[in-house]
Each structure stands twice: as structure tokens, then as C-alpha cells.
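Peer 1: Structure for the following, please:
(one chain, ligands or ions: 2)
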Amino acid sequence: MTNIPIPAPVAKVLDVLHRAGYEAYIVGGCVRDCLMGRVPGDYDVTSSALPEECMAAFAGWRIVETGLKHGTVTVVSKQEDGTYYNVEITTFRIDGAYLDNRHPESVTFTRSLAEDVARRDFTVNAMAYSDPTGVIDLYDGRGDLERRIIRCVGDAEKRFREDGLRILRALRFSSVLDFTPAEDDGGAGRLSTHEAVHALRQLLTGISRERIHVELTKLLCGVGASRILRAYPDVIGTVLPMLTEERVYAAADALERLPAGGMPDVRYAALFAGCTEEQMREGIRSLKMSRAEERAIRGLWEHRCMIPAETDAPRYTLRKMAGEYGYDFCRRQAMLVCAVGGKDEDTLDRMLAAADALEAENPCCSLKELAVNGGDLQKYGITGQGIGKTLAALLDLVLRDEMPNEKEALCAKIQEV
Ligand code: ATP
Ligand code: MG
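Peer 2: Numbering: from 1, shown residues only. Ligands and ions are numbered 1, 2, ... in the order given. Model (predicted):
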């Protein structure tokens, strides 16, 4: 029997439920990740205990009623080092019809683990585990882990019609885990998972954009992103209509050249690299991103073709960029430029080295660091809009190394500019 190590606070929660006479397991992504030797992001617990029974079992614990309607209770467990650990417990449930393509219209609680795992999207996400029972794997999820395949639990078409987001989730898990959607589960009038992804992609137009955004971001950050983009440009184009097949292929090439891991802003900037500015803005807006995300992607996108070393004043250009967006941005911009422009590693290394060297030198790059401020200018009789304009002109001289960043010298220059 395979043993999965469970973090102490989660094991404690399972133990409390078991002692109260209920079934309880860790389930879904955490079981999949542990079996793959990956570190799970979080541990979800599923239990036969109804929400009220669950709250009774944890009397005296801190409880957050996260989503009682959907059967989710969060218990807060205090760890030995004094920090808190949240464990989400969800009652075994059967989902009703997904009328709005988003939330199940109703959920029905059940005492059967089999019914609970049957509602889950993919075989590799439908495994449960507890120490007394070992891995409970009713859909050969382990076989699919071995074969590196994303296969729907049950009929792919039916499952995608229940919740269209699963189409994008199939590609997201394929990208992140470096798997492939199953091609052998069709036949006899049934679509395979792979066929259903293509055939039913239009269902994604009815899905909330926030949910699409979450899955698309994970897809783009996965190790298999470029492979999945090349294989499913039609699905990407359904989610973001400005992305023609040609643009998706170009984005796939760029993503392949990016260093692995994280940096969603760089990846989105690469995804939109071939679009017009208008289309890029529309794409970002339609995904309901946060202001910070939007600003980062737009900044990178605008500079996606610029190599400071190839401008007339490379040091000036780099300082301006560092002042406006920071050094970390300069480095991410360098990765983007090289990925989009197909530059060799030497070019990237030179760009990164230039950003590192500038950061180490730490010269004045922005108004914040300028040796004079608005107050100083007022003493010289400059007021209103003149202050901003004069400061900008002085900063420009400093950025160009035409003036030292020293108060006395800059003040002497005020009347001139
Ligand atoms: P991650 O490591 O990215 O969190 P995960 O497998 O935990 O991966 P979640 O989106 O957190 O994925 O979902 C948790 C579990 O809930 C999944 O493993 C799956 O069993 C189930 N699930 C989530 N969304 C759906 C869905 N749309 N349809 C069916 N089952 C789903
Ligand atoms: Mg999860």
C-alpha cells in the first residue's frame, strides 16, 4: 500500500473526523501531486460528515464558514510554531446541473465517496487518500499518471457540457504536468477528451472571464505551454479572438525560449506580441486582470522589441526604463525581447548584465532620487506647472550624464532650463 505523507495539521483534521465516526480523505490535486513526487499547493479534505456535523466535530476550534451552501468548512489549526494552518473540508457531494455553465445549480450531499469523485473533472484529479485506506482510485488515475494523460471522468462531451471551463482546465493540467489530453477514450459515437476539447471549444465563450483568466495564466506558466499552444490554437483563439492561428504559433515559439517558471506578465506580453496595441488592451481588459497585472503586461508589451544597447543612448534608455519600472522590470523585459525577437543567449546575457551593472551602480534614475525637489525650485521662484517641467528637464540632464546629480550644480542650472 502506498503511503502519502500528510502535513501534521491536515493529519490532525482527518483524525478528528475519523474519531467522530466519519470518512475523511485528502483528495484531488494534492493526491495527484504527491503520487507524482511534486509538492502540493494545498491539501483539500473531503468527508462524509455534513457541514453541521463537521462543525460539531470541531467544537472549540476556530472555524470559518467558507462556503456552507457548497458544503465547505475551513478549520484553523494552530501549529507548534504558533502559526495557523487552514484546512478546507468539503462534504462529499453530487453536483446538480451547471445551468449557467459556472456553478452547479444545486449541490446534494452524499455519504458516498464514489459519488463525490465521480463529479471531479479528470481521472488524475479524482483520487482520494487516507492512512487507513491507502489510495482510493476508482478511475485508474494512477494509470493515467503513468501514461501522462489527462482523461475526463466519464464521457468527455457530457462533462464539458456540464462545465465548459473543464476544456481549458484539460489544457492547463496538460501544460503544467506536461501531459496530453487522452485520444483513446472515444469511439462508438463518443468523443475522446482530445476530440472534445476541439469540438466543444465554443462552450468557453459562456464561461466567466475571471475563471478563464485563472486557468489561462496557469496554462501559460506551465512547462508544456508552447506544445499545448501549437496543438490547440483554435481553443486559444476562442478564448481570445484577436489571437489568430499565426499569432498563437508565434507566441508558442516565444514561450519556448523563455526561462521556465513563473513570470505570468512576461508570458502574457509574449502571447499578445503580434497583436496591435488596441487588441492587446482588449485582450487584457477582457480577462478582468488587476490594475497591477495590467500595468506590468502593458509596460512589457510596449518595450517588447527594444534592446537598449541598440538605441543611440543605451545607458540613458536603460536608466529611463529602470526609473519608470524598476530593475526587475528591465530584466523581465530583456527576457521578453529575446524570446519574441528570437535573439541568442549572448544577447540576453549582455542585457541582463547591463541591468545588473546599473543596479549595482545605483545612479539616479527617477525624480525620487533627484538631488532637488519641488520645494527647492520654489525657493528660486518657480511655481505651478513650471515645477514639474523643470524637474523633468533636470532629471533628463542627469540621466544623460550631462549633469551630476548634485544639489548645488542642479540649482545653478535652474534658470537655464
Ligand atoms: P492546483 O494544484 O492547481 O490547485 P487542483 O487539482 O487542486 O490543482 P483545483 O482547481 O484547486 O485544482 O481543484 C481542486 C479539485 O477539485 C480538482 O483536483 C478536482 O478534483 C476538482 N475540481 C475543480 N474544478 C473542477 C471542475 N470545474 N469540474 C470538476 N471538478 C473540479
Ligand atoms: Mg487546488
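Peer 1: which SS class is the closest residue to D121 other than its chain neighbours?
Peer 2: Take D121 and drop its neighbours on the chain: the residue closest to it by C-beta to C-beta, 6 or more residues apart in numbering is R166, 4.9 Å away. C-beta coordinates here come from the backbone N, C-alpha and C atoms, glycine included. What DSSP: H, G, I helix; E, B strand; the rest coil gives for R166 is helix.
Peer 1: Residue of the chain closest to ligand 1, please.
Peer 2: Residue of the chain nearest ligand 1, by C-beta to the nearest ligand atom: G29 (2.4 Å).
Peer 1: So that residue sits against D44, correct?
Peer 2: Yes - applying C-beta atoms under 8 Å, one finds G29 in contact with D44, separated by 7.1 Å.
Peer 1: Give me the pLDDT for the residue of the chain closest to ligand 1.
Peer 2: With respect to pLDDT, G29 has a value of 97.
Peer 1: heads up, I number from 565, so please use that
Peer 2: Sure thing, new numbering starts at 565, so read that last one as G593.
Peer 1: That one: how many residues sit nearby?
Peer 2: 18 (other C-beta atoms under 10 Å).
Peer 1: residues contacting it?
Peer 2: G593 makes contact with 604-606, 608, 689, according to C-beta atoms under 8 Å, 6 or more residues apart in numbering.
Peer 1: from those, which single one is nearest Q949?
Peer 2: Nearest to Q949 among the contacts of G593 is G605, at 50.6 Å by C-beta to C-beta.
Peer 1: Can you give me the domain assignment for the chain?
Peer 2: 572-711, 713-866, 872-927, 932-980 (automatic domain parsing).
Peer 1: out of the ones you listed, deepest packed?
Peer 2: Among those, the stretch with the highest mean neighbour count (mean count of other C-beta atoms under 10 Å) is domain 713-866, at a mean of 19.
Peer 1: re the thing from before, can you tell me which of the contacts of G593 is nearest F836?
Peer 2: Looking across the contacts of G593 and measuring by C-beta to C-beta, the closest to F836 is G605, at 27.2 Å.
Peer 1: For the closest one, which non-adjacent residue is closest in space?
Peer 2: G593 (7.0 Å).
Peer 1: And M967, by the same measure?
Peer 2: L961 (4.1 Å).
Peer 1: Spit out the contact partners of that neighbour.
Peer 2: 967, 977, 981.
Peer 1: Which one among those sits at the bottom for pLDDT?
Peer 2: Among those, V981 has the lowest pLDDT, at 78.
Peer 1: do you know how far the nearest residue to that one once chain neighbours are set aside is from R712?
Peer 2: Ranked by C-beta to C-beta, 6+ apart and with sequence neighbours excluded, the top spatial neighbour of V981 is A957, at 4.1 Å. From A957 across to R712, the span is 60 Å (C-beta to C-beta, to the nearest Å).
Peer 1: which residues touch stretch 827-839?
Peer 2: Looking at what lies outside stretch 827-839 - C-beta under 8 Å, 6+ apart - the contacts are 781, 784-785, 789, 804, 806-807, 810-811, 814-815, 818-819, 822, 843-844, 847-848, 857, 860-861, 864-865, 868, 896, 899-900, 903-904.
Peer 1: Out of the contacts of L961, the closest to I951 would be?
Peer 2: After measuring these against I951 - C-beta to C-beta - the closest member comes out as V981, at 12.0 Å.
Peer 1: show me the contacts for the closest one.
Peer 2: With C-beta under 8 Å, 6+ apart, V981 has these contacts: 954, 957-958, 961.
Peer 1: likewise Q942?
Peer 2: Contacts of Q942 (C-beta under 8 Å, 6+ apart): I951.
Peer 1: Point me to the helix or strand that includes it.
Peer 2: helix 938-943 (DSSP states H and E).
Peer 1: after that helix, next one along is what?
Peer 2: Past helix 938-943, the next helix or strand by DSSP H and E is helix 949-963.
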